[in-house]
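1. Turn this into a model:
(one chain, ligands or ions: 2)
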Amino acid sequence: MTRWLVTGGAGFIGANFVRLLLRERQDAEVVNVDLLTYAGNLENLSDVEGDPRYAFVRGDVIDPAAWSDAVGRAPDVIVHFAAESHVDRSIDDAHPFLCTNVLGTQSMLDWTRKKGVPTFVQVGTDEVYGTLGPDDAKFVENSPIRPNSPYAASKASADLLVRAAAETHGLRTIITRCSNNYGPYQFPEKLLPLMITNAMEDRPLPVYGDGLQVRDWIHVEDHCRGVLAAAENGTAGEVYNFGADGEQTNMSMVHRVLDLLGKPRSLIRHVEDRKGHDRRYAMGFAYAREALGWEPQVGLHEGLSATVAWYRAHEEWWRRVKSGAYRDYYDLMYAARLAGDGAPGDGEHSGAR
Ligand code: NAD
Ligand code: TYD
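-> Residues are numbered from 1 along each chain as shown. Ligands and ions are numbered 1, 2, ... in the order given. As a prediction, this is how the structure comes out:
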């Protein structure tokens with residue numbers, strides 16, 4: 001068996017990655033370490049809860065000593081997703097981003113070294129490269145690191161600490177950087193799930209500024225397959241960019257959503273622009289294609305249609321998130337059972353900072 005420790009597995013991409021691992025690697029056992037911040041939702045993994053190859057441990061990446069015993073045998077691979085991930089929140093208050101994304105990554109690197117974990121994969125973002133002009137070439141792995149938001153700066157810092165741990169301590173590290181993800185289980189504070197769910201409720205769709213900012217949209221399943229390929233076949237010390245040739249303006253994405261839902265464009269409201277708003281991201285992924293044999297498989301139209309259909313079919317899921325009711329799930333399903341029969345999550349700690 002290959003033992004995987006996934007941090008942040010109760011979030012959007014982490015949950016999709018855990019599901020992919022359990023489905024496609026029969027020799028995988030997975031421990032998901034997640035603090036369950038506002039963005040963590042164990043309902044994202046309710047279908048795999050009973051799988052004997054899966055375990056959940058509630059814990060903060062800043063403090064591995066508090067949950068290390070609950071994890072048990074050291075993993076063969078760590079895939080580090082856990083992060084504060086929303087740019088607007090980082091503009092309001094950068095401190096949680098420094099705690100989790102910077103100090104948390106260093107703590108995970110220290111734990112990797114202490115436990116002798118053979119491979120550490122850092123899940124990074126295109127936002128560390130900053131912004132592009134309309135005619136600039138796409139980002140490549142050695143583009144300058146020029147983050148513009150506190151979120152991006154904290155993720156860039158984390159990447160640099162990963163690099164330093166590899167150089168200084170000889171850790172086997174791999175960094176992946178991906179463009180904007182969309183797909184099932186995305187928290188409805190991010191553009192697409194916010195627009196889809198607001199439109200379904202006939203509520204206004206807030207578009208920042210002129211809405212002509214460009215993002216390179218990739219389906220979460222393609223990103224997860226890329227992370228898996230990098231973890232299994234990547235070269236130590238390398239960085240792999242993932243994108244999907246999916247450049248679209250925000251307005252174009254919002255129009256597509258409204259059309260798929262049969263809702264009127266009059267729901268769109270142009271609101272005040274985000275501070276320091278990056279104008280364009282686009283990822284060159286020739287290296288991942290060549291070195292990992294990876295390329296995106298889900299076309300934008302197909303992926304977006306499927307995503308809108310998923311939110312339509314999972315109204316209960318997003319209504320529980322929007323109302324805050326999802327926060328009770330852990331208490332109902334885990335904490336209460338722990339008091340009794342030591343069910344999944346055994347050894348958890350309260351974790352909240
Ligand atoms: P998310 O916000 O949906 O999930 C983050 C998860 O991390 C949550 O489950 C949360 O509970 C957990 N977490 C937060 N702080 C923690 C802590 N201190 N200890 C343990 N767990 C903690 O984020 P996401 O969109 O799934 O992104 C996952 C990773 O992928 C992040 O590192 C992000 O920077 C990166 N990434 C995201 C995108 C994107 O488009 N969403 C693109 C590229 C890279
Ligand atoms: P977001 O999903 O927050 O991802 P990121 O900032 O990491 O790219 O935002 C995607 C784009 O959509 C970005 O240009 C900001 C814009 N946006 C809006 O116009 N309105 C919104 O309500 C949100 C959340 C984002």
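2. Need the pLDDT of the nearest residue to Y182 once chain neighbours are set aside.
-> Leaving out its chain neighbours, the residue that sits closest to Y182 by C-beta to C-beta, 6 or more residues apart in numbering is L192, at 4.6 Å. Just so you know, the C-beta spots here come from the backbone N, C-alpha and C atoms, and that holds for glycine as well. If you check L192, the pLDDT there is 98.
3. Same question for the one 5 residues further on.
-> In this prediction, T197 carries a pLDDT score of 98.
4. Who are the contact partners of it?
-> P188, Y311, W318, K322 (C-beta atoms under 8 Å, 6 or more residues apart in numbering).
5. Which two of the residues you listed have the greatest separation?
-> Y311 and K322 (11.5 Å; C-beta to C-beta).
6. Between those two, tell me which one has more neighbours.
-> Counted by other C-beta atoms under 10 Å, Y311 and K322 do not tie: Y311 has more neighbours, with 22 against 17.
7. The more buried one and A39: what is the separation?
-> 17 Å (C-beta to C-beta, to the nearest Å).
8. same deal with D328?
-> 16 Å.
9. Between these two, which is the more surrounded one?
-> Higher neighbour count among D328 and A39: A39, with 22 against 10, using other C-beta under 10 Å.
10. Which phi and psi values does the more buried one adopt?
-> With angles defined as degrees, to the nearest 10, A39 sits at phi -90, psi -10.
11. Any figure for the gap between it and A282?
-> Taken as C-beta to C-beta, the span from A39 to A282 is 26 Å.
12. go on, Y330?
-> 38 Å.
13. With T197 instead?
-> 27 Å.
14. Poorly predicted segments of the stretch 201-350 of the chain, please.
-> 335-350 (pLDDT under 70).
15. Check which helix or strand whichever residue of it sits closest to ligand 1 maps to.
-> Nearest residue of the stretch 201-350 of the chain to ligand 1: H223, at 7.0 Å (C-beta to the nearest ligand atom). Assessed by DSSP states H and E, H223 sits inside helix 220-233.
16. is any part of that helix close to ligand 2?
-> No. In terms of C-beta under 6 Å from any ligand atom, no part of helix 220-233 sits within range of ligand 2; the closest distance is 12.8 Å.
17. got the contact list for the following helix or strand past that helix?
-> Remark: after helix 220-233, the chain's next helix or strand is strand 239-242, criterion DSSP H and E. Strand 239-242 is touched from outside by 124, 126, 139-141, 159, 174-179, 218, 222-223, 226, 230, 234, 283-285, 287-288, 291-292, 294, 296, with contacts defined as C-beta under 8 Å, 6+ apart.
18. Apply the buried test to those and list what passes.
-> 124, 126, 139, 141, 159, 174-179, 218, 222-223, 226, 230, 234, 283-285, 287-288, 292, 294, 296 (16 or more other C-beta atoms under 10 Å).
19. Just the residues you listed: which are in helices?
-> Of the positions in the buried ones among the contacts of strand 239-242, D159, D222, H223, G226, A230, Y287, A288, L292 sit in helices, assigned by DSSP state H.
20. my guess is the second one meets G246, correct?
-> No. With contact defined as C-beta atoms under 8 Å, D222 does not count as touching G246 (9.6 Å).
21. overlap in contacts of those two?
-> Shared contacts of D222 and G246, defined by C-beta under 8 Å, 6+ apart, are found at P296.
22. Read off the pLDDT value for L20.
-> Reported pLDDT for L20: 98.
23. give the contact list for it.
-> E221, C224, R225, L228.
24. Neighbour-wise, which one of those residues leads?
-> That'd be C224 among those, by other C-beta under 10 Å, with 27 neighbours.
25. So that residue is in contact with N16, correct?
-> Yes. Counting by C-beta under 8 Å, C224 touches N16, with 5.2 Å between them.
26. Can you tell me how far the nearest residue to H86 once chain neighbours are set aside is from ligand 2?
-> Computed as C-beta to C-beta, 6+ apart, the closest residue to H86 that is not its neighbour in sequence is E189, at 5.6 Å. Distance, E189 to ligand 2, using C-beta to the nearest ligand atom, to the nearest Å: 6 Å.
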